[in-house]
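Asks: Pasted the sequence and its predicted model underneath.
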Amino acid sequence: MTDLLILLVVSLAVSAVGWKYFIYFFSLGYGYGVTALSVAMLMMYRGAVTWPTLTLCVLLMMFGCRLGTYLILRERKAAAYRKILYDPSLQQKKPVGVVLSVWLFCAILYVAQVSPVAFRLMNTANGTPVCDLWAWIGAAVALCGILLESFADRQKSAAKQRNPKRFVDTGLYRIVRCPNYLGEVIIWTGILLSGIGASLLWWQWLIAVVGYLGIVYVMFSGARRLELRQNEVYGNDPEYQAYVKKTPILIPFVPIYSVVRYKWLQA
């Protein structure tokens with residue numbers, strides 16, 4: 001448990017950027033927090049690092065650095081995003097207790113998300129037998145998710161440059177309306193799968209599964225916020241209405257076309 005506390009301190013330190021702008025708890029604090037946790041795991045368990053665990057940590061670093069950098073560049077270049085980021089309702093002074101709760105929640109969630117890799121390293125360092133097969137499978141799945149998220153973000157940026165006032169329904173956005181969020185779900189599915197064969201104890205699996213379910217919830221919550229925002233902007237556009245009626249919001253081939261009515265997804 002001491003090792004988890006160390007990782008939590010690292011996560012708290014990086015996600016503290018949210019004290020500047022509240023939304024940073026969920027954006028920059030998330031991306032660079034995952035990167036910092038990956039570096040911390042490699043340093044803490046450097047004597048137990050194997051090729052598959054090194055690969056998993058490098059993939060997490062790639063994910064975190066790419067996401068954080070993408071968000072910074074988007075903030076600087078996109079006026080629409082800056083308007084959302086600096087919305088007065090987001091910047092109004094929040095009770096210290098609320099900010100502390102969100103900070104702690106985010107820090108714990110990020111540690112729980114990377115925990116399958118941490119526990120694999122921890123168990124290896126303790127001499128517990130582990131199987132590398134699922135680590136490689138998990139790494140392959142996570143890589144697919146990273147590529148999907150990266151291509152989706154690039155396609156959206158390119159589409160918005162061509163026509164800033166139109167919703168995006170080309171490329172990967174023909175398959176689902178939030179392919180970047182789908183990519184992230186796939187990434188963390190791969191990380192969870194990497195825990196198989198690592199001799200995780202029941203409490204370790206509990207932490208790993210809670211972290212996975214937590215980020216899946218956050219992705220669906222993000223999809224709901226995006227849907228509400230797009231409905232407000234494009235709701236009267238017949239092409240948009242036709243698009244949302246035939247394109248699943250997050251999971252391909254699963255006929256969930258709207259999550260607006262699910263208020264329990266509000267986060």
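Replies: Happy to help now that I have it. Residues are numbered from 1 along each chain as shown.
Asks: quick one: the strands in this protein?
Replies: In the chain, no strands are defined using DSSP state E.
Asks: now the stretch 151-267 of the chain, which segments are flagged as low pLDDT?
Replies: For the stretch 151-267 of the chain, applying pLDDT under 70 flags the ranges 267.
Asks: quick check, distance from stretch 196-209 to the centre of its chain.
Replies: Taking Cα atoms, centre = their mean, to the nearest Å, one finds stretch 196-209 lying 20 Å from the centre of the chain it belongs to.
Asks: just the CA coordinates of that stretch, formatted as CSV?
Replies: Provided in CSV are the C-alpha atoms of stretch 196-209 (Å, rounded to 0.1, in the frame of the first residue of the first chain):
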residue,chain,number,x,y,z
ILE,A,196,-4.5,-10.8,-16.5
GLY,A,197,-1.7,-13.3,-15.8
ALA,A,198,0.0,-11.0,-13.3
SER,A,199,-1.2,-12.8,-10.2
LEU,A,200,-3.3,-9.8,-9.0
LEU,A,201,-5.0,-10.3,-5.6
TRP,A,202,-8.7,-9.6,-5.2
TRP,A,203,-8.1,-6.1,-3.8
GLN,A,204,-5.8,-5.3,-6.7
TRP,A,205,-8.4,-6.4,-9.2
LEU,A,206,-11.0,-4.3,-7.3
ILE,A,207,-8.9,-1.2,-7.7
ALA,A,208,-8.2,-1.9,-11.4
VAL,A,209,-11.8,-2.6,-12.2
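Asks: Enumerate every residue touching residue 24.
Replies: 17-18 (Cβ atoms under 8 Å, 6 or more residues apart in numbering). Every residue, glycine included, has its C-beta placed from N, CA and C.
Asks: Kindly state the pLDDT recorded for it?
Replies: As predicted, residue 24 sits at a pLDDT of 90.
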